[in-house]
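> A structural model of the following input is requested.
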Amino acid sequence: MENEISSNYIYRCHKMLQKIGAPLEGWVCEEVIDFEEAEYKCQLCGYPAVRYIHVMQHNDYAEKIMVGCICAGIMEGNILAAKERDTKAKRRSQRKSHYLKKQWIAKNNSRWEMCYKRKPIVIEKDSFNGRDFYKININGEQYHWKNNRRMYSFLTAQHYIFDLIESEVLE
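Okay, the predicted model is just below:
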């Protein structure tokens with residue numbers, strides 16, 4: 001796998017790391033972020049069309065570096081692991097796309113239901129101080145907040161449901 005990457009490419013990545021005063025090896029991927037469009041520019045090689053961003057961190061470097069798959073593999077010394085993370089992110093994105101296409105059953109003007117991964121799910125619209133927000137019930141568990149904020153759109157609630165269910169599946 002590593003033999004597929006040219007030595008010039010690896011050299012360019014290492015040169016950029018040296019230029020910013022960062023370690024050449026020992027990096028760890030903290031997470032992979034799906035930007036949903038291939039519009040992100042890799043902070044290491046400058047490739048302008050990256051969709052799945054690997055957030056790399058190092059104990060001896062204060063800043064996180066956001067890079068594409070191959071640069072992440074070079075930084076951690078394991079291109080195969082970076083490609084596996086990238087593939088996993090792509091599969092998750094496909095599952096999310098299929099999930100978002102599922103039809104909700106409108107029980108009334110403020111309540112929608114569906115079943116996903118054998119879990120009954122309810123989204124309810126409520127209001128506080130004249131502002132509408134959405135709350136979620138997944139298999140009897142209530143969720144009113146996402147990142148300490150109310151969910152002000154149905155779509156935000158849908159995305160949060162997917163994230164919650166996916167995190168349960170992976171645990």
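> Gly130: what's it in contact with?
Applying CB atoms under 8 Å, 6 or more residues apart in numbering to Gly130 gives no contacts. Every residue, glycine included, has its C-beta placed from N, CA and C.
> List the buried residues for whichever helix in the chain runs longest?
With secondary structure taken from DSSP state H, the chain has its longest helix at helix 79-100. By neighbour count on 16 or more other CB atoms under 10 Å, the buried set for helix 79-100 is Ile79, Ala82, Arg85, Asp86, Ala89, Arg92, Lys96, Tyr99.
> just checking, what packs against the next helix or strand after that helix?
Downstream of helix 79-100, the next assigned helix or strand under DSSP states H and E is strand 105-108. Packed against strand 105-108 by the contact rule (3 or more CB pairs under 8 Å, 6 or more residues apart in numbering; DSSP states H and E) you find strand 111-116.
> contact partners of the strand it packs on?
99, 102-107, 120-125, 154, 161, 165.
> closest to Asp60 among those residues?
Set against Asp60, the nearest of the contacts of strand 111-116 by CB to CB is Ile165 (37.1 Å).
> which residues does the closest one contact?
Tyr116, Lys117, Lys119, Ile138.
> Now do the strands in the chain.
28-34, 52-58, 61-67, 105-108, 111-116, 119-128, 131-138, 141-143, 145-146, 149-150 (DSSP state E).
> Now do the least confident helix or strand in the chain by mean pLDDT against helix 79-100, angle only.
Sorting the helices and strands of the chain by mean pLDDT, DSSP states H and E puts helix 154-170 at the bottom, at a mean of 86. Using axes from the mean of the first three to the mean of the last three CA atoms, to 10 degrees, one finds that helix 154-170 and helix 79-100 are set 130 degrees apart in direction.
> what are the C-alpha coordinates of helix 154-170, in PDB please?
Extracted in PDB, the C-alpha atoms of helix 154-170 (Å, rounded to 0.1, in the frame of the first residue of the first chain):
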ATOM      1  CA  PHE A 154     -36.600  19.200  11.700                       C
ATOM      2  CA  LEU A 155     -33.500  18.500   9.700                       C
ATOM      3  CA  THR A 156     -31.200  19.200  12.700                       C
ATOM      4  CA  ALA A 157     -33.300  16.800  14.700                       C
ATOM      5  CA  GLN A 158     -33.000  14.100  12.000                       C
ATOM      6  CA  HIS A 159     -29.200  14.500  11.800                       C
ATOM      7  CA  TYR A 160     -29.000  14.300  15.600                       C
ATOM      8  CA  ILE A 161     -31.100  11.100  15.700                       C
ATOM      9  CA  PHE A 162     -28.800   9.500  13.100                       C
ATOM     10  CA  ASP A 163     -25.700  10.500  15.200                       C
ATOM     11  CA  LEU A 164     -27.200   9.100  18.400                       C
ATOM     12  CA  ILE A 165     -28.200   5.800  16.800                       C
ATOM     13  CA  GLU A 166     -24.900   5.400  15.000                       C
ATOM     14  CA  SER A 167     -23.000   6.000  18.300                       C
ATOM     15  CA  GLU A 168     -25.000   3.300  20.000                       C
ATOM     16  CA  VAL A 169     -24.400   0.800  17.200                       C
ATOM     17  CA  LEU A 170     -20.700   1.400  17.300                       C
END
